[in-house]
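Visitor: The amino acid sequence is not available; the structure is as follows:
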């Protein structure tokens with residue numbers, strides 16, 4: 001079985017939940033190889049019959065997530081009669097929660113993957129972060145919730161993406177001595193949205209050296225020289241003074257920690273509007 005055992009994932013939704021469980025279990029056997037076939041959106045007795053028939057012909061295991069009791073029971077009955085190994089991925093947990101909660105589940109397929117307003121806001125924020133990353137289009141600064149400014153390797157892009165998943169629209173602008181900052185940066189309707197990112201020179205020196213090594217380049221390039229770094233940071237600090245923006249030192253902070261500071265700042269800003 002070079003491709004691993006065959007497993008039919010049968011679901012009244014897309015089958016993602018059962019597939020994750022199957023792959024987690026398969027990782028404990030034979031190098032994790034497993035041949036999965038999804039049978040999605042099963043909503044009738046005929047569809048259940050066809051899924052069991054094909055699994056029996058392929059000598060496959062069935063892993064299923066069906067929320068309607070009648071379909072669950074019918075699938076297990078057919079599988080038992082046909083000698084097809086069958087695992088109810090969702091049923092036992094539904095039964096246990098029903099006992100604890102004291103009320104029956106909704107029995108509606110696909111609720112775990114339902115697209116709600118929060119989902120669309122996250123997608124919109126991620127698309128915004130990608131579009132206005134690294135100062136690509138200064139026109140987007142006015143529409144941003146937060147504008148991050150700083151020299152290269154101060155975590156502007158990772159922060160933008162992290163905050164995007166918290167539904168915050170972030171644009172970021174690199175500060176380079178040879179390139180004047182965009183005029184739009186100094187003419188925002190709400191200048192409080194600008195946040196500067198700083199870092200200690202010696203820390204940035206190490207970060208850039210490691211970056212060059214990862215790219216297969218010599219660590220002696222001017223990009224990673226301490227003299228160049230000091231000049232960039234001085235330029236960036238001058239720009240931040242002109243902007244009168246708060247500045248966060250990211251030297252010893254994880255992205256999550258810096259993002260938490262920014263989110264707190266946004267919350268405080270909102271209470272003063």
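Guide: All right, it came through fine. Everything numeric here is computed off the predicted structure, so don't read it as measured data.

Visitor: Any chance you could list what contacts the host helix or strand of residue 96?
Guide: Secondary structure assigned from DSSP states H and E places residue 96 in helix 91-101. For helix 91-101, the external contacting residues (C-beta atoms under 8 Å, 6 or more residues apart in numbering) are 66, 67, 72, 104, 105. No exception for glycine: its C-beta is placed from N, CA and C like everyone else's.

Visitor: So what's the residue count around the third one?
Guide: Residue 72 is flanked by 19 other residues according to other C-beta atoms under 10 Å.

Visitor: now the second one
Guide: Residue 67 is surrounded by 19 other residues when neighbours are defined as other C-beta under 10 Å.

Visitor: about what we covered before: mind picking the lowest-pLDDT entry from the contacts of helix 91-101?
Guide: The pLDDT minimum for the contacts of helix 91-101 sits at residue 105, where the score is 77.

Visitor: how near is it to residue 9?
Guide: The gap separating residue 105 from residue 9 is 20 Å, by C-beta to C-beta, to the nearest Å.

Visitor: what's the spacing between residue 18 and residue 8?
Guide: Residue 18 is 10 Å from residue 8, where distance means C-beta to C-beta.

Visitor: actually residue 152, not the one I typed
Guide: From residue 152 across to residue 8, the span is 50 Å (C-beta to C-beta).

Visitor: Can you show me the strands along the stretch 101-250 of the chain?
Guide: 146-150, 170-174, 194-198, 247-249 (DSSP state E, counting those that start in this stretch).

Visitor: So what touches the first one?
Guide: For strand 146-150, contacts defined as C-beta under 8 Å, 6+ apart pick out 141, 156, 159-160, 163, 168-175, 181, 185, 188, 193-199, 236, 239-240, 243, 245, 250, 262, 266.

Visitor: rerun at 6 Å
Guide: Strand 146-150 has contacts (C-beta atoms under 6 Å, 6 or more residues apart in numbering) with 141, 156, 168, 170-173, 175, 193-197.

Visitor: same thing with stretch 60-73?
Guide: 6-12, 17-18, 22, 48, 55, 75, 79, 84-87, 89-91, 107, 109.

Visitor: dump the residue contacts of the nearest residue to residue 146 once chain neighbours are set aside.
Guide: Spatial nearest neighbour of residue 146, excluding adjacent residues (C-beta to C-beta, 6 or more residues apart in numbering): residue 170 at 4.8 Å. Taking C-beta under 6 Å, 6+ apart, we find residue 170 in contact with 129, 146, 160, 163.

Visitor: low-scoring stretches of the chain, by residue?
Guide: Scanning the chain for pLDDT under 70 picks out 1-2, 107-116, 219, 271-273.

Visitor: how near is the residue lying farthest from the centre of the chain to residue 75?
Guide: Largest separation from the mean C-alpha position in the chain: residue 81, at 42.9 Å (C-alpha atoms, centre = their mean). Between residue 81 and residue 75 the computed distance is 11 Å (C-beta to C-beta).

Visitor: Next: residue 51.
Guide: Counting by C-beta to C-beta, the gap from residue 51 to residue 75 is 7 Å.

Visitor: With residue 26 instead?
Guide: 21 Å.

Visitor: quick one, which of these two is more surrounded?
Guide: residue 75 (25 against 18).

Visitor: State the distance from residue 172 to residue 8.
Guide: Using C-beta to C-beta, we find residue 172 at a distance of 46 Å from residue 8.

Visitor: Can you spell out the domain ranges of this structure, please?
Guide: Segmentation of the chain into domains, based on automatic domain parsing, reads 6-113, 117-271.

Visitor: how many other residues sit next to residue 69?
Guide: By other C-beta under 10 Å, 13 other residues sit near residue 69.
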